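> Kindly return the folded structure for what I paste below:
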Amino acid sequence: MPIQRRAALIRLNRVLYTRLLIFYPADLRRKFGDEMADVFEAVLSDAVDEGGLTGVITPWGCALWELLAVAAPLRLASTTLMAGAVSVLASSVLVLAFFRAVT
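Residues are numbered from 1 along each chain as shown. Prediction:
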C-alpha cells in the first residue's frame, strides 16, 4: 500500500475511533481518551502493515467489542440514558426486521 494512502487510512480510522469515544463516560474520556486513541492508532498501524486494507478489521472488531462490553454498561448506568438506549435499540431492531422482510 502506498505510504500516502496508508497514512490517510490510519488518520481516517483514528478520527472515527476518536468520535466513538463519546460513548464512554466524560471523566474516562478526559483521563484516557488521547491514550486510547494513540493505542488504537498503533495497533491499527501494525495491522495494516501485516494485512493491508483487510488488516483494519481486527482492531475495529476489538474496539467495537470494547464499546459494547465497557462503554455501554458504564453509560447505561445512568437511568436517563437507559430509556434512550432502549428506544434506539428497539428502533434498530424494527429497521433490521423491515430490511430482512424486504429482502
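> Can you point out the buried residues in the biggest helix by length in the chain?
Secondary structure of the chain per DSSP state H: the longest helix is helix 26-51. Buried residues in helix 26-51, counted by 16 or more other CB atoms under 10 Å: 29, 36, 37, 40, 41, 44, 45, 47, 48. All C-beta atoms are positioned from the backbone trio N, CA, C, and that covers glycine.
> Please pull out the lowest mean pLDDT helix or strand from this structure.
helix 79-102 (a mean of 66; mean pLDDT, DSSP states H and E).
> circling back to that earlier point, so what does the longest helix of the chain touch, helix or strand wise?
Where contact means 3 or more CB pairs under 8 Å, 6 or more residues apart in numbering; DSSP states H and E, helix 26-51 is packed against helix 3-20, helix 57-66.
> Which of the residues in the last one are classified as buried?
I take that to be helix 57-66. 59, 60, 63.
> Equivalent analysis for the first one, please.
Neighbour-count burial for helix 3-20 flags 9, 10, 13, 14, 17, 18, 20 (criterion: 16+ other CB under 10 Å).
> got a markdown table for these, with distance to residue 54 and pLDDT too?
Listed next are the buried residues of helix 3-20 as a markdown table, based on distance: CB to CB, whole Å; pLDDT from 0 to 100:
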| residue | distance to residue 54 | pLDDT |
| --- | --- | --- |
| 9 | 12 | 93 |
| 10 | 15 | 94 |
| 13 | 13 | 95 |
| 14 | 18 | 96 |
| 17 | 18 | 96 |
| 18 | 22 | 96 |
| 20 | 21 | 93 |
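> ok, so of those, who is nearest residue 2?
residue 9 (10.2 Å; CB to CB).
> just checking, the closest one touches residue 47?
No - judged on CB atoms under 8 Å, residue 9 makes no contact with residue 47 at a distance of 10.7 Å.
> And residue 75, what's its pLDDT?
If you check residue 75, the pLDDT there is 74.
> From residue 30, how far out is the closest residue to residue 55 other than its chain neighbours?
Leaving aside its sequence neighbours, residue 55 sits nearest to residue 47 (CB to CB, 6 or more residues apart in numbering; 3.7 Å). In this view, residue 47 and residue 30 are 27 Å apart by CB to CB, to the nearest Å.
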